[in-house]
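Asker: just coords:
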């Protein structure tokens, strides 16, 4: 297993010692800006429509306006310095330390983005969802959901011509849902106002919007129809992935249970979580024929040669610092349910048992998205499923399930859902109070999976060798470790010779999940 995580790559950067973990965070390059409808939409629009010089002039002008107008407004309200400081804090904008490259679009034939938005999402993903849920779609109460699903699919069949639109207001809408819909309005407005189509809007925006539109079309948020209200159209796919996970998980849990409370143990636990990301139900659906086959061990055997960058040493140093001070607060920004979630739970299990983490917080999706992305209900169902496994057939996995339930009951594991994790904006646009919470509370965040990684990079066309610290570590609110197998044509922090090697081995190296990276960034000290 050690070979599965150890790379011959030299570390691309050196980081300060993690003996005092939070002290290693780097200074931020934050600017004060006038409030805009959406920080993500303004940064997207600038990258698309303006030159770097124009952006700099606009930011200087906005900063000057902010300095004068915000202070006068605050003084007009109550004249206190505290409110003025708070107002300025809310207007900070955190960005990578490198100039922003343009976002990825879906307009270029032959790219994974184009194939995804012009074909895969309709003829593969939504078609498979319909087939898996055929009985439900043709049951009483699902008439409007079936009609909405077909309406969405019809748009996607003509994706190059159909314009995206804003989400519709519900007749009966809670305040929290209205707020979420307005957040989406701010994200979409630059592209709706320009008349962008499913393909001409930035890929990340369009793809996240697709799954939010699906929720609208099936009536997921509409309490007027109890049949479809909060109905998960991906439930069968998730449960199939969970049902077929035990055989692979048994071997992982046996290893996790025996991991030492050392830096090497932490590295191996992270390796399991990294390569678990390969098991993505939107690309590789669960197969009942593999229910009793340890597929994951086969993946681990080839993992060493498929790791394109490895910041394991920096990660282990940081985790040792947390252990030495008695354990920290660690977040896992979760990606997929099914077997990948099991490997995330295994990582969290080791972090707690080894003393690296006093509390692990799982940051989860607030509605079904990207087929297999995990919500709190999926995590809790996974724990219950493993705790109830046949102890004779799966002794290690069953014991793990019992431990996990105890962690949840004792508050050592915490589940949180947030709308930000299902929205098509860059992670440097993380809103309040989420950013402040992670800045003040979180000692380390593991960011799992490809979609989350794309958001870390703003889904932009970075040079593959651009340092992760300069792209992500410069703005993220806390120390961050990205564990990602490559499933999209975006990346950074990889050495040029490794990029050349991977492209020579596999012409689909960026999109098929064969290759992976472990990136560590210090995070941004300026809260």
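Answerer: Yep, it's here. Please read these numbers as outputs of a predicted model, since none were measured by experiment.
Asker: and stretch 375-385, how far from the chain's centre?
Answerer: The chain centroid and the centroid of stretch 375-385 are separated by 18 Å under Cα atoms, centre = their mean, to the nearest Å.
Asker: Could you give me the buried positions within it?
Answerer: Using 16 or more other Cβ atoms under 10 Å as the burial criterion, the residues of stretch 375-385 that qualify are 375, 377-379, 381-383, 385. (Glycine included, C-beta is placed from N, CA and C.)
Asker: Those: which two are farthest apart?
Answerer: Greatest spatial distance in the buried residues of stretch 375-385: 375 and 385, 15.0 Å, computed using Cβ to Cβ.
Asker: Looking at the buried residues of stretch 375-385, which is nearest residue 177?
Answerer: Nearest to residue 177 among the buried residues of stretch 375-385 is residue 375, at 16.0 Å by Cβ to Cβ.
Asker: Name whatever forms a beta bridge with that closest one.
Answerer: Residue 375 has these beta-bridge partners by DSSP bridges: residue 365.
Asker: where's it relative to residue 524, distance?
Answerer: 28 Å (Cβ to Cβ, to the nearest Å).
Asker: Reformat the buried residues of stretch 375-385 as JSON lines; add distance to residue 306 and pLDDT.
Answerer: Formatted as JSON lines, the buried residues of stretch 375-385 follow (distance: Cβ to Cβ, whole Å; pLDDT from 0 to 100):
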{"residue": "375", "distance to residue 306": "30", "pLDDT": "98"}
{"residue": "377", "distance to residue 306": "33", "pLDDT": "98"}
{"residue": "378", "distance to residue 306": "27", "pLDDT": "98"}
{"residue": "379", "distance to residue 306": "28", "pLDDT": "98"}
{"residue": "381", "distance to residue 306": "31", "pLDDT": "98"}
{"residue": "382", "distance to residue 306": "26", "pLDDT": "98"}
{"residue": "383", "distance to residue 306": "30", "pLDDT": "98"}
{"residue": "385", "distance to residue 306": "29", "pLDDT": "98"}
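Asker: Which of these fall in helices?
Answerer: The helices, defined by DSSP state H, take in 377-379, 381-383, 385 from the buried residues of stretch 375-385.
Asker: Let's have these in JSON lines, adding distance to residue 168.
Answerer: Compiled in JSON lines, these are given as follows (distance: Cβ to Cβ, whole Å):
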{"residue": "377", "distance to residue 168": "25"}
{"residue": "378", "distance to residue 168": "27"}
{"residue": "379", "distance to residue 168": "30"}
{"residue": "381", "distance to residue 168": "31"}
{"residue": "382", "distance to residue 168": "33"}
{"residue": "383", "distance to residue 168": "36"}
{"residue": "385", "distance to residue 168": "36"}
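Asker: so which of these would you say is closest to residue 359?
Answerer: Within those, the smallest distance to residue 359 is 15.2 Å, found for residue 379 (Cβ to Cβ).
Asker: just checking, the closest one touches residue 415?
Answerer: Yes. Assessed by Cβ atoms under 8 Å, residue 379 is found in contact with residue 415 at 5.9 Å.
Asker: Name the residues contacting each of the two.
Answerer: 362, 364 (Cβ atoms under 8 Å, 6 or more residues apart in numbering).
Asker: follow-up on the earlier one: can you lay out the buried residues of stretch 375-385 as TSV showing distance to residue 261?
Answerer: Shown next, in TSV, are the buried residues of stretch 375-385 (distance: Cβ to Cβ, whole Å):
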residue	distance to residue 261
375	31
377	32
378	29
379	24
381	29
382	25
383	23
385	27
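Asker: Just the closest of those to residue 424, please.
Answerer: residue 375 (17.9 Å).
Asker: how much space between the closest one and residue 519?
Answerer: Taken as Cβ to Cβ, the span from residue 375 to residue 519 is 26 Å.
Asker: Identify the residue nearest residue 421 in space, chain neighbours excluded?
Answerer: Spatial nearest neighbour of residue 421, excluding adjacent residues (Cβ to Cβ, 6 or more residues apart in numbering): residue 365 at 5.3 Å.
Asker: Next, the contact list for the one you found, please.
Answerer: So residue 365 contacts 334, 373-375, 417, 421-422 (Cβ under 8 Å, 6+ apart).
Asker: Repeat that for residue 159.
Answerer: Neighbours of residue 159 in contact, by Cβ under 8 Å, 6+ apart: 106, 117-118, 122, 197-199.
Asker: can you rerun that using 6 Å?
Answerer: 117-118, 198-199 (Cβ atoms under 6 Å, 6 or more residues apart in numbering).
Asker: Just say helix, strand or coil for it.
Answerer: coil (DSSP: H, G, I helix; E, B strand; the rest coil).
Asker: any idea how far it lies from residue 406?
Answerer: 48 Å.
Asker: Equivalent analysis for residue 94, please.
Answerer: 37 Å.
Asker: out of the two, which sits in the more crowded spot?
Answerer: residue 94 (20 against 13; other Cβ atoms under 10 Å).
Asker: how about the strands in the stretch 51-200 of the chain?
Answerer: Taking DSSP state E, counting those that start in this stretch as the criterion, the stretch 51-200 of the chain carries its strands at 92-94.
Asker: So for residue 201, what's the pLDDT?
Answerer: Note for residue 201: predicted pLDDT of 98.
Asker: Could you pull up the residues touching it?
Answerer: By Cβ under 6 Å, 6+ apart, the contact set of residue 201 is 164, 191.
Asker: Report the secondary structure element holding residue 370.
Answerer: For residue 370, there is no enclosing helix or strand under DSSP states H and E.
Asker: By mean pLDDT, which helix or strand of the chain comes out lowest?
Answerer: Taking mean pLDDT, DSSP states H and E as the measure, the helix or strand of the chain with the lowest value is helix 2-5, at a mean of 32.
Asker: What score does residue 524 have for pLDDT?
Answerer: Reported pLDDT for residue 524: 89.
Asker: what's across from it in the sheet?
Answerer: residue 26.
Asker: my read: it touches residue 473, true?
Answerer: No. In this structure, residue 524 is not within contact of residue 473 by Cβ atoms under 6 Å, at 7.7 Å.
Asker: wait, which of the buried residues of stretch 375-385 is closest to residue 445?
Answerer: residue 379 (16.8 Å).
Asker: Let me see the contact set for the closest one.
Answerer: residue 415.
Asker: Please tell me how far it sits from residue 242.
Answerer: The value you get for residue 379 to residue 242, if Cβ to Cβ is used, is 11 Å.
Asker: Also residue 336?
Answerer: 11 Å.
Asker: so where is the chain shaky, pLDDT-wise?
Answerer: 1-91, 279-303, 525-527 (pLDDT under 70).
Asker: Which helix or strand contains the most centrally placed residue in it?
Answerer: By Cα atoms, centre = their mean, the mean C-alpha position of the chain lies nearest to residue 452, the distance being 2.4 Å. Residue 452 is part of helix 450-456 when elements are defined by DSSP H and E.
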